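1. Just the structure for this:
(chains A and B)
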Amino acid sequence: MAATEERLRKLVDDNLEIEGRTPGSPLDLDRSLSDAGVSSPDIVAFWKVVNEAFGVDISAEQFAEMLTPRDLVAHLDAA
Amino acid sequence: MHVDLAADADHEAEAVAWLNEAERGRWEGYPYSGPQRQFLLCRAALRAALCEQLGCGNAELAFETSEHGKPWARVGGVEAPISFNVSHGGQHGLIAIAPGGRLGVDVEELADRRNLDLLMDGVLGENEHREIASKGGDDQLRSFFRLWTMKEALLKAHGKGLLVDATTFEIPPTVRRGAPRGQLELPQLPGVTLQVEDIGGEEFAAALAREVVSEAGSERAKSR
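-> Purely as a prediction, here's the structure:
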């Protein structure tokens, strides 16, 4: 889980632009991307990035239903 | 209604006074300054606009959310007879209000994006993708976000937002070629006609989607 979480944090740093967030800062695993203020285009792009980086095929609907990064980490670890 | 989301300490202090206790908690809980300010200024502007439209006091107004997170309003504990939707992107917020029916609005700042190819793959249908891919530079960016905002406004009017795969439907060809508005049915919402309209400006792309309610179907359309 820690390795997946770290990979995910790196993907967030590289792909999500959030005004006020310092790249490298810890990822709040229990706050959804939309609640953290990530824009909808960034969420969609991040869905594509995660699929490519982890070699998975999460659908748009599945990704949107995963409420928090913790849910996403659990899904990726189980894949 | 456009909401200026630029950082402004005085404006933000005034806006905090409009929030109820739960909203202040949510505002204080935002981890990043940009989204925190966007929520604050849009929610305060929404409260002011709804109070004016509904003729109620701010303390009487409360918000609930649907199963899929779309907010709706109560006044004095009773569902308010009004539809509304809010969007923010960068320095721009938009609020749409209508007497009833499904309603969605979206705004996106026109800024260069390093992941435009991914976004195109993620939301465009086959024809839309081919048309946008044939463009270049600023024209491609503007054309893409014109379609993006229309699609997201439609999905917000539908009520499920990004829970619906946006590649499963396309904006009507006449609108893709430049017409300011058009009508369509989403495959996920058969029998419901939605009108989508380009309301973008120089600095931002924006779209409004609303349900077309026929004379025969004059009973109040579902708003969420």
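
2. Using PDB, write out every CA atom in stretch B:30-38.
-> What follows is stretch B:30-38, C-alpha atoms only, in PDB (Å, rounded to 0.1, in the frame of the first residue of the first chain):
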ATOM      1  CA  TYR B  30     -10.200  23.000   2.300                       C
ATOM      2  CA  PRO B  31      -6.500  22.100   2.200                       C
ATOM      3  CA  TYR B  32      -5.600  24.500  -0.600                       C
ATOM      4  CA  SER B  33      -6.200  28.200  -0.900                       C
ATOM      5  CA  GLY B  34      -7.500  28.300  -4.500                       C
ATOM      6  CA  PRO B  35     -10.300  25.800  -4.100                       C
ATOM      7  CA  GLN B  36     -11.100  27.300  -0.700                       C
ATOM      8  CA  ARG B  37     -11.600  30.700  -2.200                       C
ATOM      9  CA  GLN B  38     -13.600  29.400  -5.100                       C
END
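
3. and that stretch, which residues are buried?
-> Of all the residues in stretch B:30-38, those buried under the rule 16 or more other C-beta atoms under 10 Å in any protein chain shown are B:Y30, B:P31, B:Y32, B:G34, B:P35, B:Q36, B:R37, B:Q38. Placement of C-beta: from N, CA and C, glycine included.

4. Point me to the residue of chain A nearest chain B.
-> Residue nearest to chain B within chain A (C-beta to the nearest C-beta): A:G37, separated by 2.0 Å.

5. Tell me the confidence at the residue nearest to that residue when sequence neighbours are not counted?
-> Nearest residue to A:G37 in three dimensions, chain neighbours excluded: B:P35, at 2.0 Å (C-beta to C-beta, 6 or more residues apart in numbering or on different chains). The per-residue pLDDT reported for B:P35 equals 87.

6. same question, the one 4 residues further on
-> B:F39 carries a pLDDT score of 93 in this model.

7. Which secondary structure state does the spatially closest residue to B:I171 that is not a sequence neighbour sit in?
-> Setting aside the residues directly before and after it, B:I171 is nearest to B:M150 in space (C-beta to C-beta, 6+ apart), at 5.2 Å. With DSSP: H, G, I helix; E, B strand; the rest coil as the basis, B:M150 sits in helix.

8. pretty sure B:M150 contacts B:V175?
-> Yes. If you go by C-beta atoms under 8 Å, B:M150 and B:V175 touch, sitting 7.1 Å apart.
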